[in-house]
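[1] Sharing a model prediction with you, sequence too.
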Amino acid sequence: MWYSATKVGITEIDMDHSNVDTMLQLYFSGRIPEAYLEQIIRNLIKHFDREEEVVAGLGREFPADHKREHARLTQLLEKRLVDWKADQLEGNELAEQVRSLLLLHVVDFDVALAKPSN
Ligand SMILES: [Fe+2]
Ligand SMILES: [Fe+2]
């Protein structure tokens, strides 16, 4: 997943993405239990805030539409967690949804945070 098209070029942000992706890979390969999915999702939700803080720390304004998307995804992920806990969503399905949600978000929003090249 982590080829150059998904690199933001801001280390803290790329590391967060990579960590979530690695944990999902470990889940898919059976190395960590399904119960850990909640922690992975909580980390992803925390990442949205951290990403906004990191960009602010660089003295740049965080795009309003991107911030709204973080809020929307947080709500969506919270709903998926509720469904999963109520046995209305399989762990594998939840993990797949999180993986594609993260990939699409990075490509559609985060790569635009890349430092200006000048
Ligand atoms: Fe991100
Ligand atoms: Fe983002």
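    Here it is on my side, so go on. Ligands and ions are numbered 1, 2, ... in the order given.

[2] residue ranges with poor pLDDT in the protein?
    1-4, 116-118 (pLDDT under 70).

[3] what does it have sitting close to ligand 2?
    51, 109, 110 (Cβ under 5 Å from the ion). C-beta: built from backbone N, CA, C; applies to glycine.

[4] let's see 8 Å
    Proximity of the chain to ligand 2, by Cβ under 8 Å from the ion, involves residues 13, 47-48, 51-52, 66, 69-70, 105-106, 109-110, 113.

[5] what would those residues look like in TSV with secondary structure and neighbour count?
    Below are those laid out as TSV (DSSP: H, G, I helix; E, B strand; the rest coil; neighbours: other Cβ atoms under 10 Å):
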residue	secondary structure	neighbour count
13	helix	20
47	helix	20
48	helix	19
51	helix	23
52	helix	16
66	helix	18
69	helix	16
70	helix	18
105	helix	17
106	helix	21
109	coil	18
110	helix	22
113	helix	20
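
[6] what subset of those is also close to ligand 1?
    13, 47, 48, 51, 105, 106, 109, 110.

[7] can you pull the contacts of the fourth one?
    Spelled out, it's residue 51. 13, 16, 70, 110, 113 (Cβ atoms under 8 Å, 6 or more residues apart in numbering).

[8] could you measure it against residue 92, distance?
    Plainly put, residue 51 is 27 Å away from residue 92 if you go by Cβ to Cβ, to the nearest Å.

[9] now do the fifth one
    Taken as Cβ to Cβ, the spacing of residue 105 relative to residue 92 amounts to 20 Å.

[10] Would you confirm that residue 27 contacts residue 95?
    Yes: using Cβ atoms under 8 Å, residue 27 is in contact with residue 95, at 5.4 Å.

[11] list residues touching both of the two?
    By Cβ under 8 Å, 6+ apart, the residues touching both residue 27 and residue 95 are 37, 40.
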